[in-house]
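*Asks:* Generate a structure from the sequence data that follows.
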Amino acid sequence: MINKCGNIQTFLGCDADYNSADLVIFGAPYDGTTTNKPGARFGPAAMRADSWGLESYSPYCERDLEDFAIYDAGDLDLPMGDSNPVLERIEAAITDIAKDGKIPLMLGGEHLVTLGAIRALHRVHPDLHIIHFDAHADLRDEYIGNKLSHSTVIRHCWDLLGDNKIFQFGIRSGERAEFDWAKNHTVLRKFDLAGLDDILGNIIGRPIYFTLDLDVLDSGIFWGTGTPEAGGISFAELLAGIGKFAGQNLVGADIVELAPNLDISGQSTATACKILRELILTITKER
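*Replies:* Below you'll find the model as predicted:
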């Protein structure tokens, strides 16, 4: 069982006890390799606090958080600096959650935290597939000499999973070499989520990890992130994409790269909270 931190504020409607929960939320507040503007380490706490301005009921999928047993374990205690112990702690936490037959949902933090999750779940599910929504390809082998970076995370997930297991959507930024490399190793859809139905239809029943970098959204509506990119999908398009996971074998997920300090209006945090609510209800309603 993942140990709950003392005296935390839970995300709205996620205050069930661990043993009864199918879904376990926890935070990974780390942004030690952020390449532009830091602040993603504040994302999990901001989402919990802001969630109390939401309703637990979703008119989008007509479900209510109060109808499900969801456990919020709080944030992991992560060191600053070296990424290796950070990834080890994330891997250990998700290993425990998966061992207990529960689905982990991780709140970032920068995108590198996803690698810890994939290391854990790939051992449990050797046929693991990744669905990746993002503005950035994240397929570099290294960034300024650093192998472990939020700019390299999907490339190093590929090191574990191999070809034809990673499907990328909404990508609108990256080096030419990343796009060239993707042609032979991942399925990459630029700019939007077109083709998601076909991909999910082809891998139905297979174990899927969904990683959502919030900068996939149009930067005009979501600017509270460390590396914003002009363009992007709409809020409605993102919710429609999340809704397509209903009925899929989703074994884990994360939402990363909210930097609440970069949007003093609070709009980005409010948006992230509503997206998290919809993702929770999509994961839980078919279980």
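*Asks:* where does residue 150 land on pLDDT?
*Replies:* Reading off the confidence values, residue 150 has pLDDT 74.
*Asks:* again, but for residue 106
*Replies:* 98.
*Asks:* which residues are in contact with the helix or strand where it lies?
*Replies:* Using DSSP states H and E, residue 106 maps to strand 103-108. Strand 103-108 is contacted by residues 22-30, 40, 43-44, 47, 90, 93-94, 97-98, 113-114, 117, 121, 250-258, 276, 279-280, 283, 287 when judged by C-beta atoms under 8 Å, 6 or more residues apart in numbering. (Each C-beta comes from the backbone N, C-alpha and C, glycine too.)
*Asks:* Among those, which lie within strands?
*Replies:* In this view, the contacts of strand 103-108 that belong to strands under DSSP state E are 23-28, 250-256.
*Asks:* related to what we said a few turns ago, return the list of strands paired to the strand holding residue 106, each annotated with direction.
*Replies:* Next to strand 103-108 in the sheet, as set by DSSP bridges, lie strand 23-28 (parallel), strand 250-256 (parallel).
*Asks:* so which of these gets nearest residue 269?
*Replies:* Closest to residue 269 of the strands paired with strand 103-108 is strand 250-256 (C-beta to C-beta; 11.7 Å).
*Asks:* any idea of the mean pLDDT for the closest one?
*Replies:* On average, strand 250-256 scores 98.
*Asks:* Extract the C-alpha set from that strand and format it as PDB.
*Replies:* C-alpha atoms of strand 250-256 as PDB (Å, rounded to 0.1, in the frame of the first residue of the first chain):
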ATOM      1  CA  LEU A 250      -6.300   1.600 -19.300                       C
ATOM      2  CA  VAL A 251      -3.700   0.400 -16.700                       C
ATOM      3  CA  GLY A 252      -2.300   3.800 -15.700                       C
ATOM      4  CA  ALA A 253      -2.300   7.500 -16.700                       C
ATOM      5  CA  ASP A 254      -0.800  10.800 -15.800                       C
ATOM      6  CA  ILE A 255      -1.500  14.600 -16.300                       C
ATOM      7  CA  VAL A 256       1.700  16.700 -16.400                       C
END
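*Asks:* Now it: buried residues?
*Replies:* 250, 251, 252, 253, 254, 255, 256 (16 or more other C-beta atoms under 10 Å).
*Asks:* same question, stretch 43-57
*Replies:* Applying 16+ other C-beta under 10 Å to stretch 43-57 flags 43, 44, 45, 46, 47, 48, 50, 51, 54, 56, 57 as buried.
*Asks:* now the first one, nearest residue through space, not along the chain?
*Replies:* I take that to be residue 43. Using C-beta to C-beta, 6 or more residues apart in numbering and skipping the chain neighbours, the partner closest in space to residue 43 is residue 258 (3.8 Å).
*Asks:* check contacts around the one you found.
*Replies:* 40, 43, 46, 47, 108, 214, 224, 225, 268, 269, 272.
*Asks:* Compile the residues you listed into a markdown table and extend it with columns for distance to residue 189.
*Replies:* Formatted as a markdown table, the contacts of residue 258 follow (distance: C-beta to C-beta, whole Å):
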| residue | distance to residue 189 |
| --- | --- |
| 40 | 24 |
| 43 | 26 |
| 46 | 30 |
| 47 | 27 |
| 108 | 22 |
| 214 | 18 |
| 224 | 25 |
| 225 | 20 |
| 268 | 24 |
| 269 | 28 |
| 272 | 23 |
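*Asks:* Low-confidence stretches in the stretch 1-150 of the chain?
*Replies:* Scanning the stretch 1-150 of the chain for pLDDT under 70 picks out 1-8, 145-146, 149.
*Asks:* How much space separates residue 284 from residue 14?
*Replies:* The gap separating residue 284 from residue 14 is 10 Å, by C-beta to C-beta, to the nearest Å.
*Asks:* Now the common contact residues for these two.
*Replies:* residue 70.
*Asks:* then stretch 30-41 to CSV, C-alphas only?
*Replies:* C-alpha atoms of stretch 30-41 as CSV (Å, rounded to 0.1, in the frame of the first residue of the first chain):
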residue,chain,number,x,y,z
TYR,A,30,9.2,17.5,-9.7
ASP,A,31,10.5,19.9,-12.4
GLY,A,32,14.2,19.5,-12.1
THR,A,33,14.9,19.2,-15.8
THR,A,34,12.4,21.8,-17.0
THR,A,35,14.0,23.6,-20.0
ASN,A,36,12.1,26.8,-20.0
LYS,A,37,10.0,28.1,-17.1
PRO,A,38,9.8,26.1,-13.9
GLY,A,39,6.8,25.6,-11.7
ALA,A,40,5.3,22.3,-12.6
ARG,A,41,6.2,21.0,-9.2
